[in-house]
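Colleague: return a 3D structure for these sequence lines:
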Amino acid sequence: MGRPPVLPKKKKDGFWLEVRNKGAKTGTILIRDSYQAMMQAAKQYEMTKDVIILGEHKNGKKVDDKAAKAKKAKEA
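Modeller: As a prediction, this is how the structure comes out:
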């Protein structure tokens, strides 16, 4: 039994990074709970793999740092 095609899969909250073999087009996505944990994982893999930091995701969507900063500036 597979997943029903009606509902899209929800993305987990956290900090995302992608780890690939050097020269590969696709890789594995790692999710960490904190920014420090994400950076530690990136440092661990950077010698042997290509690491792409995808950023923070909340409620199934990517958190846009520029928009969050602008929103905070308007509120203050």
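Colleague: would you map the helices across the chain?
Modeller: In the chain, the helices defined using DSSP state H lie at 35-45, 65-75.
Colleague: which of these comes out lowest on mean pLDDT?
Modeller: The weakest mean pLDDT among the helices of the chain belongs to helix 65-75, with a mean of 62.
Colleague: list the buried residues for the longest strand seen in the chain?
Modeller: The longest strand of the chain (DSSP state E) is strand 49-58. For strand 49-58, burial by neighbour count (16 or more other CB atoms under 10 Å) applies to Lys49, Val51, Glu56, His57. Heads up, the C-betas are built off the backbone N, CA and C, glycines and all.
Colleague: could you list the paired strands of that strand along with their orientation?
Modeller: Under the criterion DSSP bridges, strand 49-58 sits next to strand 14-21 (antiparallel), strand 61-62 (antiparallel) in its sheet.
Colleague: out of the buried residues of strand 49-58, who's nearest Ile31?
Modeller: His57 (8.1 Å; CB to CB).
Colleague: the closest one pairs with what?
Modeller: Legend: beta-bridge partners of His57 under DSSP bridges are Gly14, Lys62.
Colleague: quick one: pLDDT of it?
Modeller: Taking His57 on its own, its pLDDT is 90.
Colleague: burial measure for Val19, as a count.
Modeller: Neighbourhood size, Val19 [other CB atoms under 10 Å]: 19.
Colleague: how near is it to Thr26?
Modeller: Distance, Val19 to Thr26, using CB to CB, to the nearest Å: 11 Å.
Colleague: burial of Leu17, as a residue count?
Modeller: Counted with other CB under 10 Å, Leu17 comes out at 20.
Colleague: check contacts around it.
Modeller: Contact analysis of Leu17 by CB atoms under 8 Å, 6 or more residues apart in numbering lists Ile29, Leu30, Arg32, Met38, Ala41, Ala42, Val51, Ile52, Ile53, Leu54.
Colleague: tell me which of the strands paired with strand 49-58 lies nearest to Pro4.
Modeller: Smallest distance to Pro4 across these (CB to CB): 21.9 Å, for strand 61-62.
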